[in-house]
Structures are given as structure tokens and as C-alpha cells.
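Visitor: quick one: sequence plus predicted model below, questions after.
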Amino acid sequence: MLGLLLLTTLVVPVCNLLVPDSSGLHISTYTMTLLGKYLCYALLAVAVDLVWGYLGILSLGHGAFFALGGYAMGMYLMRQIGSRGMYGNPVLPDFMVFLNWQELPWFWHGFHWFWFAMLMVILVPGLLALAFGWLAFRSRVTGVYLSIMTQALTYALLLAFFRNEMGFGGNNGLTDFKDILGFSLQSDATRAALFIASAAALGLGYLSCLYITRSRLGRLCTAIRDQENRTRFIGYRVENFKLWIFTFSAILAGIAGALYVPQVGIINPGEFAPLASIEIVIWVAVGGRATLYGAVAGALMVNYAKSYLTGAMPDAWLFALGALFVLVTLLLPRGVTGLLRKKEVNQ
Amino acid sequence: MQSAPSSPCSFKTLLILILTALLLPLAGPGHAEDPKAQFTEGTTLLIQGDFEQKRNGIQKIATSGDKRAKAVLMALQDGNLFLVKKDNTLVYANTENSPVDIMSVFSGDVLKSVKKRKLKKITINNTLRTQLKDVLAKIDLNSPDAKVREEAVNKLAVSLTPESSGLLSELLETETNSDVRDALTTAMAIADLRSPDNEKKLLALSRLQGNLNPTVRNEIQRLISEKQDISIRNKAESVLSTIEAKTTLYGLAETIFFGLSLGSVLVLAAIGLAITFGVIGVINMAHGELIMLGAYTTYVMQQMLPNSIGIALFLSIPAAFIVSGLTGIVIERSVIRFLYGRPLETLLATFGVSLILQQAVRSVFSPLNRSVASPAWMSGSLQINPILSLTTNRITILIFSLLVFTGLYLLLKKSSIGLQVRAVSQNRNMARAMGIRAAKVDALTFGLGSGIAGIAGVALSQLTNVGPNLGQAYIIDSFMVVVFGGVGNLWGTLIGGLSLGVANKFLEPWAGAVLAKILILVFIILFIQKRPQGLFPQKGRAAG
Amino acid sequence: MKSKLIAISVACALTIGTLFSSQVMAAETIKVGILHSLSGTMAISETTLKDTMLMLIDEQNKKGGLLGKQLEAVVVDPASDWPLFAEKARELIEKEKVAAVFGCWTSVSRKSVLPVFEELNNLLFYPVQYEGEESSQNVFYTGAAPNQQAIPAVDYLMNDMGVKRWVLAGTDYVYPRTTNKILEAYLKAKGVAAEDIMINYTPFGHSDWQSIVADIKKFGSLGKKTAVVSTINGDANVPFYKELGNQGITADNIPVVAFSVGEEELSGIDTKPLVGHLAAWNYFMSVDSESNDAFIESWQKFIKSEKRVTNDPMEAHYIGFNMWIKAVEKAGTTDPSAVQDAIIGVTVPNLSGGYSAMMPNHHITKPVLIGEIQDNGQFEVVWQTAGMVVGDAWSDFLEGSKDLISDWRKPLSCGNYNVKSGKCSGQQ
């Protein structure tokens, strides 16, 4: 898995930058950004798989952490525009100028530093997950209830970010980014760098999740997933373990969001939609839960299918997606990778 | 030479004649010398394209005193006045049927029916609409029916002009009916607030004590803002404060009603879910789409019975129950059956089902919203007093949701099916051991919950869009209501839904619609952390 | 381990393999991209525009195509998902090599694709009324700017109907926010006091209007003539109008003038309680002109239904498409830069019997019509501007933009030129 990832990381940027347009091996920028986007989704799927597959927490709100990470990055990118906005205001982003804001709201301060923004990419989703988890796990909200609560969380954030008074650009969100760390976002080299960064983040995220699940902690997680009460009676502080893993997973989602935003060029409240979060779970389910690599495969496959079908058969797209959900849960409870694994066992 | 003096003489008579004809309309209703002539003149102006000419025409007809005047003006207001294109005859018509039955305005004879395209509608704009309302009220002042007269007085009192107050005081002298006299004196009191005589003002103020008509309030406020005698000012302020106290009180009542009505919608949407989620533990993400199917059923029924919307609506209730219920049973038999005991996976599978249903509706009915009409008895409002009116469709839906709740409650508590459902939900194995066919009960329960969702769809079709996205708008709210109320408890759903509705409406004026909703969501999240089992936890074994 | 490798490599191979293919295609036809959502929340409005474009392209092909070649429509579905709009725009331009794109409805989708169009230098024709405050070299705004819709409507209410008190009600997103900001400044400039203006925002798809309508009713009961200026979007309109009707607000006591309610939206509403409420557009289906009759006839024939209506954004696509055709013929090529230069000044007939011209700021000239809703779901025109109104990219009534102008002709070539500082901000 990692080898393959490494290979892709090397081949794709090289084929994009060095191989000439005319060659059959050339990978267009369109393809590369698309793949970069998929890699971010894959990291997000790994984060969901960590809590769902190994801990039994079905989070229907991971999109919220993803979006918060994305907004933190988006705010940095907005500040980088500086006076190159439409109105030429050196401090205020365009959307604040035309809504007659006089000064930068307090929570926008500091985002012109890259390190600060990166810190927020980790802190904001992390702290939200910590606070939410602390409340939820301590009072032993589990199973379906927890899922619905996570859904309510992302729904509340969706409504909040839609509000223009919040100062995050309302429905339009943040867009029209110019450059990151001084490099133009429109150049192919920056795109390649972002692609490599996404691949690296996915690799690291995957490795750390692998490390967690293979360690003693991982076995404990499985125990919690399968028999929470028994684990508690043995003497483990179940809620603490849950809390830390959940928070870690939220941070991974936040990082995925931060890498996603400069590649797609926009972040808006749509990412908070409950539907988007459910879709993430589907990627994991399609790939096969509790395998991590299954999550990666699932994210790639479903998103590829989405890109393809929305172009080729616009009307059929929802039928196909819906059927996928039903068939996978009914016929492939262990996902596509489960199918392959079964064959291996049979052999 | 003999003829010379006679010719200026006859010219003079003609001039006088024309002048009187011109002046007469100003003299008020019923004074036209030749009502018929003026009426005809008015109608010829009406059929001109120009709105200014139409305005004159309306004035002419209104003041002609002709018996047909009111009918013509009302038809004009309701959009029932047409011109036959071929011979320019003015007719009454109701274009709902085809071919259209028409009746001549002048003779009152029923003419031969014509096709819709042969008619041209006499159109009006808002200025004319306001004028019509005014002149019709003035005509109604002379109606033999006391009720009509009273209403006309009230209508005129809202925007008094010197001319109309003159009319009213004239009427007061001849009026005998006590209700109408009452309305008239109030109207005159409003007029008296502007009188220079302080005595009159004071009298008028006492007369208007506790009157909730917004005009009264505005007039008193105007009175206070002007320079006044101290006695008048004090009196005016005390009257105003009573009015304002009452206004606040009725405002509160209004907010509670709004809250209950929002709550009843939530209850309707959630109660089906309370059964599928609460009783058999299935997370049905396609619940919203079952509501949507119910709404589309209403649309189809109305298409089938286009002339009797009300009956179609009644028939839609069982029809929607059957359509959504059967869909539910199909979903249960084909998907959910295999996933019992794995609630999180039913969530994913039913989400897939919801996407398929949405797209199916889009393919069949097109992505556009469909128009579902409301029957006449469900539009308009119940006027309690001038500042409090309750809309009839909301009242109907509130009552309807309580009926559905009661029916469902009785079904579960009193019938043998209900007993079986409860038995299976509490202890499946024990119930099976007692000879209950659990699989059949599961299917029936799911069908019941889905059918109720369909019924909710019928109600929602009266309030909101009927389109493919209808279901998504309600699914999260429904979940919140069920979880908040306590899973597996119908009372919890009812109380939970109504209280969330009321809370939302009390927050709304203070926080705005969006923030109110966010606050409610945050409240529920925190509440569930505190009481994970909701308001009314289920007791006994099944609670675990 | 082996299974892992298989799984991942299958996924990757699928992904990369298919992305490579279908890149090499000879350009025997001229491709036209259509970027409208066919699923998701915006499908309601946008599907019709996709069909309109297919019809226009079909008709052009019957007339012999363009530059001797046939036109080919490339339809994609951005599924009301804003980042997907950017991705699909890139797909249309880079992969499909389209000559121009017709698409988008919401402001956010336009904002999302804008950097893509600027980077890859292609053309976007945007057919919907919008908030202004934008002028891109690569975008042609064929819908109305606020001064082509909102301000004339308010003028009509003020002068012809004597409205003194104003409720500005809108959905909470950028178009209503900006429009209401402009209107508020405009009304205040006209001497309306602050307490006579009530501003209210609601979320998308808001369905419980009881309290707000009751507030409007109270606001309107204070003696002065009151009107509601509605920038309420799409789905929220049906419950809004139903609640208005039920609470007894009719067009003669508190008229509502809407900027987002057209024939298509009305086809989903029972219009009897709405009769007399107003809408301001640049086109109504009921407009009496020969070109309109022909357009309606061919539309209903194309869509195979006599019940389907036409609306303002459809007319905008009609104008935009014809302008593009004319500009390509003038330039003799579909090269976007050449077309950008050629299209300024191009004049084509619109459907209300006049002519619309593309201005140097990439907005077009349009008549402004005000119509009253009739019980058959159509509008009756009650007022219209004497001539054409030029679209204004930057509003004169907003603090930040009153000094900005837009002129894409050489040598200025700037979308946001500050006349005070003499600088073109944001351009390098």
C-alpha cells in the first residue's frame, strides 16, 4: 500500500511537470488536482475508519472537522490575498468590504501567519472533538444516539457558517485564493507540491493509525468496540481512550481539510452538510471497515465513480450511489476488500 | 332671423346637460340621473386597455346607482369579468370549466358557452384593486343586510378619509341596527380624534378604550406626539397603555400558537419515525422520502379530481398511508430484514434507499416543484380580534396531528396488533416463544410507521413545497424530536415535538430564525449528554 | 498483504487509466460546455437551463452550425456541489476543450469556477440575476445586475404606489445581503427614515414563516403604505406566499415585489392567493412580441409539453448564446481571447422586442419590466422602463465600490479600476 502510494507520489508530479503535453504519458493538471483531492478524501476516510472500524463510534459528523480544518487554511489563504482583492483593501477580505465591515473580527487575527493557521488546523477540530467527546463519552452516549448527536453537531455548524454575521463569508465561503507561502496556487509546480504534501499526509496518517491499531492500544480499542462494558469492568477508563482516539481522528480530518482547500480553491458551508458526512462513512463501508487500507480504496473508488458518473450519466448518478449503499451493506458487509480477502483465505 | 336666439338657447341647455352629467357622479351613490346610461358609459371605459380609463370606469359604475354595479365590480375584483373577443360583449365567466359558461353583464342572460381562448380577461392592477375595495365597501353601506353593512363600516374605518367619514355620519343618522350603530360610533370616534374640539376628543378616547384596531393605536400615538391639553394627553396615554398591555398579551398567545403549530408539524413528521426507530430499533434515513411520497400522492389525487380539491385531500390521507406504507413494507422485506440487530448498517442502507427514492421522484415527476392547491376551508384565518388571527390551515394541521397521535396511541395500546408490536419490541425471543410471528410484526410495524409518514406528507403538502427535496428538510428535525422525547415513547415524541416548537418560536424574535434553530440543536446535544435516554426514558428491559 | 495491494492497485488503475483515455479527440465540432446542476437542491432551477441550451445549440446546428462546423453540447452535472463546479469546469476546459461554457446559477458556484476560468482563459456566460460587485475578463453576465432589477422596482413602488415603509426580506446569502445593502442606501438617499425600513434574513429552505409574516403585518399596520421587497430564494417562497395569503396579507394592503420568483417558480404554487403581488424581471413569458412567440413555440416543441413555461434566465441564455455566436462569427475563430475582444458592442435581439448589447463591463443592456402575478401563473406587465438599462458591475450605493468602474476594452482592460486612485486593484 505504502509502496504504491510512494510510486504515485513520484510518478504523477513527474508526468505532469516534465513529460511534454503531446506525450501519451502526460498527466494533465486536471487529473493531478483531481487525484490530489482524492488523496485528501482518502485521509479523511482513514480518520473515520479509525473511530468507526476500531472503536465502534459511527461518526456522522466528521465532515465538520474536515471543514473546520479547511476553513482555517482558507482564512490563511484569504489573508494572503492582501491588497490584490477586487477592492484593493489590504486587510479586509472582499466579502467583508462589500458587507461594510469596518475592521477584521478578532478570530481572524493571526491567520496571516502560516504557522498560526497550521496550529489552528490542528487545534480547532481537535478541541471541538475533545469537548464534544468529553461530554458524550463521559455520560456514556453510545451507538445510534452518538451518531445522531454527531449529525446534529455538523448540522448546527452548517447553519452557523451559513450566517453572514459569522464572518466566514456565509454561503459563498472563502474563495479566489492567490498563493500559499508565496507560491502561486495556479502554477503547476505548486499543485504538484500540494499533491505530494497530500500523499505524504495520507502516508503519515495511515502509518500512525496503523501504529495505533497494531499496538496494545489498538487491541484495547477492539475490545471496547466489541464489549465496552466488560472492558470497563476490567478496569480500563474506557471514556479516556475513546476520547483521545476520537480527538486524534478529528485532527486527521482537519489536516485533510486543510490540504483539500488549496487544491479545490474554495471552502464553504456545504462541507458541513450532514449528507457529506454520511458519504464519507459510505466510502469506508464500500472499501471495508476496520482495515484502514480499505478506507483508502473505498474513498478512491467511490469518488472516481462520482467524477465519472456525474459526467457520463448525470441522471443515473444518484441511482448508482444509492444502489451502492444498499448493496454494499447487504451483500458486502466487509466491503470490497473483504471480498478479496475472502478469496485469499479460500485459496 | 327667428332662429337666431333659439340656437344659443339650445346650446346652453346642452351645456347644462353635459355639466350636470359631469357633476352628478360626485354627488354620491344613488344620485345619478340616469343610472343605466352612466353604467353603460362606465363599462365602455372598463374595456379599454388603459388602467387610467378603467379607474374612471370603476368610479362611474360605482356611483351610477345601477343595480348591476356591485356584481360587475365584484366580478372585476375576483377576475371573473371577461370580454368576448368576437363581438366585444362584456360577460361574467368562470374559466375553471371548459368550455366556459358565460353570462351577459347587461342583460343577465346566459349565453352560449365558448372556448377559453375566445375570451379576454379584464385585467386590473393594485391601484384599481384598492379602489375597488373602497367603492365596494361604500356600496355595501347601503346593503339591506346588517352584517354586510357592519363589515363595510369596519373596512372603511381602517383608512378614514373626510369623504368616507361624512358618509358614515350620514348613515349613523338613519341606522337602526345596534351592531352597525356600534361599529359606526367607533368609526366616528376615530374620526373625532382629529377634531379640534377637546370635549369630543375626550369622549372619543373613552369610547375607544380597549379597542384593538391598529388604526386606533396609530391615531392615539399621533395624538400623543402632537401638542395636547394635559387632560387629553393623560387620557390618551392611559388608553394607549391598556391597548398595549392587551397587544402584548395577544402577542404572547400568538407566539404560543405559532410554536404549537410548528411543533405539530414536527410531531407529524417524527411520529412515524418514533415507531420505526423507537419500537423496532431501525434507523430509517428514508423516512423523509416516505413523507415526500405522501405529499406526491396528494398531488396525484388532486390531478385525478381537479374539480373537488377538498375531497381529493381527504382521499389522499388513506391513499398516502397505503402508498408510503407499502413502500415501507417493501423496504423492510428487501433490505432491513437482513440487518436487524445492526442499527448502524440499517442507517447506511436506508440512506441509499432515500437517494434512490429521491431520484426516482425526480425522474417521474421532474425536478420541479409540484403545485398542490389548498381547499377554500383551509385558507384564510380565524379572526379572534383585530390583532389576533389564527390561520385555518395551521389549526387544521394542529388538530390533525393530535388525531393521528391519538389514533396511533390507541392502536398500540388497545388493539391486538399493538399488543404484539409492544411484545416484540420489549422481548423478541419471549414474544416468539408465545407464538407471535415476529417477522410479520416487524414488517407491519415498519409499514405502519411508514404509512404515518405518508399521512404527514399530506399535511406538509398544505404548508410547503412538494418537491424531491421535501424529505431532506425534515429528517434531521424528526430525529432530534424522537431522541429528545425519548426513544420508544409516543408521549415523549408528542411533548418533545410541541415543546421544541414553542421554544423555537419564543427564541425566534429574540435571536432570529437561524440562531434560534442552532440554539435548539445545541440544547438538544447538551440535553442528551445529561439524559441520554431523552425526556421520557423507556422503562424495563428494552431500555438497555 | 496481497489483498491490500490488489485492492489499492485496482482502485488506482481504474482511476488513472480512465483519466488518461478520451483525452485525444480531433476537433471536428465546436464544443460548448453546459455547467448546470442536474441533481441536488439547484436541479429545480438549473435543469431547465440545460434544456434551453440544448435547444439553442440544436437550432443553431439546423441553421448550419458555426464557422462551417457543427456545435456539440457537452453536459456535465456539478450536482449542486460547489467545489464540484470548479472540478467540472476544469474538466470541460482542459479535458473536453470546449470553446465556451454556459452555466452556473448560484453566486457561490460562479465564485467557485471563476479562478478556473481566469487561469485557463475560457468564457463563462452566466444567465442569472446577481448581486453585482464583480467583473471578470472571462465572465459575461447576461442576467440582471441590481440596478437592472432592484432599483427600478423600488422606484416603481415609491412613485407609482406611494410606498413609504419597506420590508427587505431575504434568504441569508450574498445576493440578498448585497441587494438589500444597496436598497437600504438607496432608500435612505431618497429620504426614507431608518425606522421605516425592516430587514430580515432567513436560512435556505425556510419553511415556517408564521412569526415573520406576523411581524411584517404588524410593521405594515402603522398607517403608512408598506411593501415587501423579497429576495427570498427558491424553495422558501412557496411557504412564504402561502403564509402571506393565510394571514390575510393581500397585494392591495402590503404588496410583495420579488426578484427571484418567475414563471417557473409559480408553476409550483397555487397562485390564486398571490394575485397582484409583483415581480421585477427583464423578461416575462407574457411579453407580447414576435420573437417571444417563436421562442415559446420552439421551446414547448423541444421539451414536448405545452405546459412548460419560459422565464428570465432562459432569455438570458438566449441572448448570451446569440451574442457568442455573433462574436465568434465576427472574430472568425472560437479562440477565447479573440471572442472577448469581439463580443464587446455586439447587439442581438432580445425576447421583449428590443435589442440587447454587450457592454465593455461584460454586462448587457436590458429593459426592466414589472409584472403582477395573475391567477394563471403568468405575469401582467404593469410598468416598464422607457429604454434599455445598462448593467452596472459596481454599485454606486455601496461604500467600497462607488469609485470602481469596469472596462475590458484595451488599453484599460480592467474589471475594477478605481477612478480616484487611478489604479486597477487586484490585477498584476
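Guide: Ah, there it is.

Visitor: helix, strand or coil: sort out the closest residue to chain B within the stretch 151-300 of chain C for me.
Guide: When distances are taken as Cβ to the nearest Cβ, the stretch 151-300 of chain C reaches nearest to chain B at C:Gly268, 3.1 Å away. Any C-beta I mention is one placed from the backbone N, CA and C, and that applies to glycine too. Of the three states, C:Gly268 takes coil according to DSSP: H, G, I helix; E, B strand; the rest coil.

Visitor: neighbours of residue 229, how many?
Guide: Using chain A here. 10 (other Cβ atoms under 10 Å in any protein chain shown).

Visitor: switch to chain C, please.
Guide: C:Val229 - counted by other Cβ under 10 Å - has 28 other residues nearby.

Visitor: can you tell me the element it falls in?
Guide: Here C:Val229 is covered by strand C:226-231, with elements defined by DSSP states H and E.

Visitor: and that strand, which strands flank it?
Guide: For strand C:226-231, the paired strands and their directions (DSSP bridges) are strand C:165-171 (parallel), strand C:256-258 (parallel).

Visitor: so what's C:Trp222 closest to, chain neighbours aside?
Guide: Just to correct that, residue C:222 is Leu rather than Trp. Nearest residue to C:Leu222 in three dimensions, chain neighbours excluded: B:Asn218, at 5.8 Å (Cβ to Cβ, 6 or more residues apart in numbering or on different chains).

Visitor: next: B:Ile331.
Guide: Spatial nearest neighbour of B:Ile331, excluding adjacent residues (Cβ to Cβ, 6+ apart): B:Val353 at 5.7 Å.

Visitor: how about the residues of the stretch 51-200 of chain A by chain C?
Guide: Counting by Cβ under 8 Å from any Cβ of the partner chain, the stretch 51-200 of chain A comes close to chain C at A:83-89, A:95, A:97-100, A:159, A:162-164, A:170-173, A:175-177, A:186.

Visitor: which among those end up buried?
Guide: If you count burial by 16 or more other Cβ atoms under 10 Å in any protein chain shown, the buried members of these come out as A:85-89, A:95, A:97-99, A:159, A:162-164, A:170-173, A:175-177, A:186.

Visitor: hang on, the earlier thing: in the host helix or strand of the residue nearest to B:Ile331, what counts as buried?
Guide: Using DSSP H and E, B:Val353 falls within helix B:343-365. Across helix B:343-365, burial judged by 16+ other Cβ under 10 Å covers B:343-362, B:365.

Visitor: what's the distance between the closest residue to B:Ala511 other than its chain neighbours and B:Gly512?
Guide: Leaving aside its sequence neighbours, B:Ala511 sits nearest to B:Leu519 (Cβ to Cβ, 6+ apart; 6.3 Å). Using Cβ to Cβ, to the nearest Å, B:Leu519 is found at 10 Å from B:Gly512.

Visitor: likewise for C:Ile216?
Guide: 15 Å.

Visitor: which one's more surrounded, these two?
Guide: Shown here are C:Ile216 and B:Gly512; by other Cβ under 10 Å, C:Ile216 has more neighbours (23 against 19).

Visitor: and the helix or strand that contains that one, average pLDDT?
Guide: Taking DSSP H and E as the criterion, C:Ile216 maps to helix C:210-220. For helix C:210-220, mean pLDDT is 91.

Visitor: one more: stretch B:480-490?
Guide: pLDDT averaged over stretch B:480-490 gives 85.

Visitor: does that stretch come close to chain A?
Guide: Yes: applying Cβ under 8 Å from any Cβ, one finds stretch B:480-490 in contact with chain A at B:Met480, B:Val483.

Visitor: contacting residues for the residue nearest to C:Asp58 when sequence neighbours are not counted?
Guide: Excluding its sequence neighbours, the residue lying closest to C:Asp58 (Cβ to Cβ, 6+ apart) is C:Phe302, at 7.2 Å. By Cβ atoms under 8 Å, 6 or more residues apart in numbering or on different chains, C:Phe302 lies in contact with C:Asp51, C:Leu54, C:Met55, C:Asp58.

Visitor: correct me if wrong: A:Ser139 contacts B:Phe527.
Guide: No: with contact defined as Cβ atoms under 8 Å, A:Ser139 and B:Phe527 do not form a contacting pair (10.6 Å).

Visitor: low-scoring stretches of the chain, by residue?
Guide: Unless you meant another one, I'm taking chain A. Along chain A, the model assigns pLDDT under 70 to residues A:1, A:21-24, A:311, A:314, A:342-347.

Visitor: hmm, no, I was thinking of chain B.
Guide: For chain B (pLDDT under 70), the answer is B:1-33, B:95-98, B:159, B:538-544.

Visitor: tell me if the residue nearest to B:Ala511 really is in a strand.
Guide: No: counting by three-state DSSP, B:Leu519 is not found in a strand; it is helix.

Visitor: is it true that it touches B:Trp510?
Guide: No: between B:Leu519 and B:Trp510 there is no contact under Cβ under 8 Å: 9.8 Å.

Visitor: more neighbours: those two, which one.
Guide: More crowded of B:Leu519 and B:Trp510, by other Cβ under 10 Å: B:Leu519, with 16 against 9.

Visitor: lovely, talk soon.
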